[in-house]
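Trainee: Sequence and predicted model, in that order:
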Amino acid sequence: MTGLADSASQTPALAPLSLDQALALYRRMVLIRRFEDTVQVLFQRGEVPGTTHLYSGQEAVATGVASILEPRDRVAGTYRGHGHALSLGVDPQALLDEMLGRASGLCGGRAGSMNVIDLAHGLMGCYGIVGGSIGAATGAALALKRSGGVAVAYFGEGATNQGYFHECLNFAKVHNLPALYVCENNLYGEFTPMEDVTAGRIVARAQTLELPAETIDGNDLWAVRAAAAAAVARARDGGGPQFIEALTYRFVGHSRSDPGAYRKPGELDAWRQRDPLKLTRAGILERYETADEAQLDATDADVERQIEQMIAAGLAAPYPTPGPAAEFKA
Ligand SMILES: Cc1ncc(C[n+]2csc(CCOP(=O)(O)OP(=O)(O)O)c2C)c(N)n1
């Protein structure tokens, strides 16, 4: 599925994944889904302070992009950032402990759901300000230009209606920065349908600034990987900033207890037919002769066990001591 795909130039073919690699990516997607189901349950029990914004339904985007990145790259996520973090290999226990406000959390239990950071895994931060990730990644790209790294910004389609989206892409283009802008178009900004507030095609906004840009099926792990591989290769090669619009859908409300009553009738069910976990399972069975349902089921069960252990450990972990935070190791 492409927009004006002609503006995204051709790049070398992406080496196919081995079955083990494909299973590892599937596992990561299942981990993101189950992690978030768990966070939501714990939130409803009053164990998670603050609020939550879930990534459920969008797992193929971050997982596919992260599968292309290298340690020298940097990623700026959004408040919907659990998936962005886990896709990079951030320790799920430390992330859960952070949600629970425990001292063993990724940021000492003081950042909560929206503001996690883990530079050891390339995560520059998750930004509660809509589009904050765009400015952060643009700045990082300026620094990374010397080292060969690429900076990735994730943001929603709503963020593209803000001035700094255009300012940052313009700046990145003028300075030929190694940035990859990934718009996760999940059709709604909070409770507002995209078409009520957005003129024209989102991908065209990047194309106007002459960024290579394409629209892809964000629920298809292989489509995301192919687009990300091409875009990252171009950016690393001095081709300047790149843009991907990944069409996807969030299966849950915008945040906490939003039931998503504004959705059109049948819309959620239609998207659930294209659940990225289902599509990845089917994609693995189709692509690898030796793959079978039992392997995939075993992966699900294994993640389930991991989550159960994580919940027990997280709830038993101590809270931080009041007062100034311990030194933050970035
Ligand atoms: C600058 C700014 N304006 C408004 C908000 C309130 N807000 C939080 S999420 C959101 C919707 C953003 O929609 P989109 O960019 O499409 O991302 P999605 O939540 O769909 O992932 C809004 C308006 C904010 N956090 N920051």
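Mentor: Looks like it arrived, so ask away. Keep in mind the model is a prediction, meaning the values are calculated, not measured. Numbering: from 1, shown residues only.

Trainee: going forward, measure contacts and count neighbours with C-alpha atoms only.
Mentor: OK.

Trainee: Go through the helix or strand harbouring residue 167 and flag the buried ones.
Mentor: Take DSSP states H and E as the rule and residue 167 turns out to sit in helix 163-174. Across helix 163-174, burial judged by 16 or more other CA atoms under 10 Å covers 165-166, 168-173.

Trainee: Could you do stretch 184-204 as well?
Mentor: Buried, per 16+ other CA under 10 Å, within stretch 184-204: 184-189, 193-194, 202-204.

Trainee: ok, and which of the residues you listed reach the ligand?
Mentor: With CA under 6 Å from any ligand atom as the criterion, the buried residues of stretch 184-204 include 186, 188-189 near the ligand.

Trainee: The closest residue to residue 117 other than its chain neighbours: what's it in contact with?
Mentor: Distances taken as CA to CA, 6 or more residues apart in numbering place residue 125 nearest to residue 117, at 4.2 Å, with adjacent residues excluded. Contacts for residue 125 (CA atoms under 8 Å, 6 or more residues apart in numbering) come out as 75-77, 115-118, 133.

Trainee: Can the strand or helix carrying residue 141 be said to contact the ligand?
Mentor: Element membership of residue 141, judged by DSSP H and E, is helix 132-144. No: judged by CA under 6 Å from any ligand atom, helix 132-144 makes no contact with the ligand; its nearest approach is 7.6 Å.

Trainee: how would you label the residue nearest to residue 117: helix, strand or coil?
Mentor: Three-state call for residue 125 (DSSP: H, G, I helix; E, B strand; the rest coil): strand.

Trainee: how near is it to residue 292?
Mentor: According to CA to CA, to the nearest Å, residue 125 stands 37 Å off from residue 292.

Trainee: cool, and residue 137?
Mentor: On the measure of CA to CA, residue 137 and residue 292 end up 40 Å apart.

Trainee: Which of the two has more residues huddled nearby?
Mentor: Neighbour comparison, residue 137 and residue 292: the larger count goes to residue 137, with 29 against 14 (by other CA atoms under 10 Å).

Trainee: Okay, strands next: where are they in this protein?
Mentor: 74-78, 123-127, 151-156, 179-185, 188-189, 192-193, 213-217, 242-247 (DSSP state E).

Trainee: Other residues contacting the fourth one?
Mentor: When you say that, I think you mean strand 179-185. With CA under 8 Å, 6+ apart as the test, strand 179-185 has contacts from 58, 61, 134, 137-138, 141, 150-157, 172, 218, 231-232, 235, 240-249.

Trainee: do the same with the fifth one
Mentor: Around strand 188-189, the neighbours that count as contacts under CA under 8 Å, 6+ apart are 156-158, 194, 254.

Trainee: hey, what's residue 76 bridged with?
Mentor: Beta-bridge pairing for residue 76 (DSSP bridges): residue 125, residue 153.

Trainee: what's the burial count for it?
Mentor: Residue 76 has 29 neighbouring residues, counting by other CA under 10 Å.

Trainee: Tell me the spacing between it and the ligand.
Mentor: 13 Å (CA to the nearest ligand atom, to the nearest Å).

Trainee: show me what contacts that residue?
Mentor: Contacts of residue 76 by CA under 8 Å, 6+ apart are 123-127, 133-134, 136-137, 151-154.

Trainee: contacting residues around the closest residue to the ligand within the stretch 201-330 of the chain?
Mentor: Nearest to the ligand, among the residues of the stretch 201-330 of the chain, is residue 254, at 6.2 Å (CA to the nearest ligand atom). By CA under 8 Å, 6+ apart, the residues touching residue 254 are 53-54, 189-191, 260.

Trainee: go with 7 Å
Mentor: The contact partners of residue 254, by CA atoms under 7 Å, 6 or more residues apart in numbering, come to 53, 190.

Trainee: If anything else comes up later, I'll come back, but that's it for now.
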